[in-house]
Every structure is written in structure tokens, then in C-alpha cells.
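Participant: Pasting the sequence and the predicted model now:
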Amino acid sequence: MKKILIIIAVIISILCINKKDEVIIPSNAIRFRVISSSNTIEDQTIKNKVSKNIQEKIYELTKNSSSYIETKKVLDTNYEYLKDSIEEELKSNNVSYDYRLNIGRNYFPSKQYKGIKYDAGYYDSVTIELGNHEGLNWWCIIYPPLCLIDEDTSDVEYTTLARELIDNVKK
């Protein structure tokens, strides 16, 4: 039995190594993206301030959500609150350009995040476009809470099925 588990673990490891750049984002993921008006230092600074502010708001709103559906409902319900928060942040930084907040399906180009490649496509998301929205963007994943995890003090450990199988064989 142990030999079979080891063989399965080796096969899974080989498959994982061969497809290490090919990661499919879960269908129930919710992304978060803020696109700056331009690439000027001022606009990038505003993008970062808006991103941080709204990320903190989203974390507080969704920290007790235990599912994709619950998280999506919380975000939809708090559209006006998030919109008001963006307006306040822009106003407090003396920024007069427009913005667009969309909670729904939005296009994302392919991205790298913590060594994982996420394919381009339309994803459920919270997207904020600032001004001309022609600058670099900031993004992360709200659900599962990969970008919001830094706000939490708990540690996260990523593992693979192959590693779990090998560890179980050792026991």
C-alpha cells in the first residue's frame, strides 16, 4: 500500500512540475483591481492609496464570509459604501478626476501573483478605474482571501496533494 501511495505521489509531483506555470484560478474566485489614471508618480500614489483604503474596507466587510456566494452578496450589498469610500479618499487627496466602480464580471489580463500565473479572462471582481484608467494597475484576489490575508495575523501554509501523500506515508 505504501509503495502505491509513493508511486501516486511521484506521478502527481511530475505532473505538477510539468504544469507549474499553468494554474487555473478557481471558478469561485473574486478578484480586486484598481487601475490608475496614468503612470505618473502622483496617479500611482493615488492608486495605491485607494487600493489600500478599499482593501481595508473589503477586508472588514468580508472577513467573516465563509463562501463565494456570501462574499459576493456582501460586496454587492455594500456597493454604495465602497463608492462613498472611494470618493472620500479621492477628495481627501485633492483629486478631481472621475472614477468607475464595478462589482461584477470584469476582464483581467494574465497576471503573476506570488509565483502563480493566472490566465486572462473575465472574472467576478471589484474593479475601480481612476481617471483615464491608462496607468498600471494593482490587483489581488478577495475570495479566497489571498490579498486580504496580510490584514489577518494568522499564518497560511500552502501545500500540495503530493506532499500530503508523502507525509502520510511517513506516518
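Facilitator: Thanks, I have it. Residues are numbered from 1 along each chain as shown.

Participant: Tell me which stretches of the protein form strands.
Facilitator: Ranges of strands in the chain, per DSSP state E, are 30-35, 99-108, 111-113, 116-118, 121-130, 137-143.

Participant: Report the backbone C-alpha coordinates of the first one in PDB.
Facilitator: Pointing back at strand 30-35 there. In PDB, the C-alpha atoms belonging to strand 30-35 read as follows (Å, rounded to 0.1, in the frame of the first residue of the first chain):
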ATOM      1  CA  ILE A  30     -13.400  37.100  -6.700                       C
ATOM      2  CA  ARG A  31     -10.600  39.500  -7.800                       C
ATOM      3  CA  PHE A  32     -10.000  43.100  -6.900                       C
ATOM      4  CA  ARG A  33      -8.300  45.600  -9.300                       C
ATOM      5  CA  VAL A  34      -7.600  49.300  -9.200                       C
ATOM      6  CA  ILE A  35      -6.300  50.900 -12.400                       C
END
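
Participant: Which neighbours in the sheet does it have, and how are they oriented?
Facilitator: Take DSSP bridges as the rule and strand 30-35 pairs in its sheet with strand 121-130 (parallel), strand 137-143 (antiparallel).

Participant: one step back: among the strands of the chain, show me which one is buried the most.
Facilitator: Per-stretch averages of neighbours, counted by mean count of other CB atoms under 10 Å, single out strand 30-35 among those, with a mean of 23. C-betas here are computed from N, CA, C, even on glycine.
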